[in-house]
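Novice: next come a sequence and a model predicted from it.
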Amino acid sequence: MIKLKSLINEKEETDVQFRQEALSILNGVVKYGKKYAKKQKMGGVVGYMFPVGMIDKEYADLYIWLTNEKAGDWIITSAEGKHFFMAPMLSGDTLDNFEKQAKKHQSDFLHELIHYLDRSKRYSPGYVGASARGDYNNPPEFNAYYQEGAEKISKALKAGKISKDFSSFVKTELPKYFDKAFLKNLNDKYRKHLIKRLSDLWSQK
C-alpha cells in the first residue's frame, strides 16, 4: 500500500496501465451485461446488478448496479470488503441500447472504476472519505478526473486531432478534454500538478 499523495504525480506509464484495466472491466460489462446482470428493485428503483466476478474472479468484490439515467448520481461505495458501483446509465428500465449507453457514459465509468482500482488495489486506509465529488483538490478526485481527460487526450493525439505543441494545447485546447467544474475549481497547487502530469503524457506520445 502506498500513500494517497502519490496519486497526484502518477507517471504516464502507470496512468495508462490503470486506464486500460478500467476500460477492460467496462468492455467486459458491455460484452456480458445482458447475460449476467440480474433485474432487481432497490429503494423503488428498477435496475440490474452485475457481479463483475462472473467475468473475472480478480474483481469478485465489485458489483455494478445499472440503473436509469435519472436514478441518481454516479458513485462507488464500500462495505464489508465489497465495492458497490451505482451506474445510472440506462435510457429506460431495460437493457435495450445497453452498448450505446455504455459508450455514451464511458468517462463516468472510467472515473468510478479508477476510484475502485485505487481503493481496492493500491492505497492505504484513508482513501474512503478522502474523496468527495465537488472537492477537486484532493488526491483521489484529482486522479479520477485527470484520468477521464487523459484518456480523451491520448486518443486525440493518436488520431492526429490535437495540437502536438504542448504550450499551444494548454493555452487553447485544454478545456475541451476535462470536466469544466474540475478545471474551474482547481487551486494553484493542483493546477500545477495537472500541467506537470500532462507534460509527462506528451513526452510519451
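Specialist: On my side now, so go ahead.

Novice: from E141, how far out is G81?
Specialist: For G81, the distance to E141 equals 23 Å [CB to CB, to the nearest Å]. No exception for glycine: its C-beta is placed from N, CA and C like everyone else's.

Novice: could you do N187 as well?
Specialist: According to CB to CB, N187 and E141 sit 13 Å apart.

Novice: these two: who's more crowded?
Specialist: Between N187 and E141, counted using other CB atoms under 10 Å, E141 has the larger neighbour count: 21 against 9.

Novice: so that one sits against Q147, correct?
Specialist: No. Applying CB atoms under 8 Å, one finds E141 not in contact with Q147, separated by 10.8 Å.

Novice: run the chain-centre distance for the strand or helix carrying N143.
Specialist: Per DSSP states H and E: N143 is located in helix 139-158. Remark: helix 139-158 is offset 9 Å from the chain centroid, using CA atoms, centre = their mean, to the nearest Å.

Novice: how about stretch 26-44?
Specialist: Distance of stretch 26-44 from its chain centroid, counting by CA atoms, centre = their mean, is 18 Å.

Novice: spatially central residue in the chain, please.
Specialist: Note on the chain: the residue nearest the mean C-alpha position is H111, at 1.5 Å, using CA atoms, centre = their mean.

Novice: next, the contact list for that residue, please.
Specialist: By CB atoms under 8 Å, 6 or more residues apart in numbering, the contact set of H111 is 74, 144-145, 147-148.

Novice: phi first, then psi, for it.
Specialist: In terms of degrees, to the nearest 10, the main-chain angles of H111 are phi -60, psi -50.

Novice: any idea how far it is from L26?
Specialist: Taken as CB to CB, the span from H111 to L26 is 11 Å.

Novice: equivalent analysis for F85, please.
Specialist: Relative to L26, F85 is positioned 11 Å away (CB to CB).

Novice: repeat that for K161.
Specialist: Counting by CB to CB - K161 and L26 are separated by 22 Å.

Novice: cool, and K164?
Specialist: Separation of K164 from L26 (CB to CB): 28 Å.
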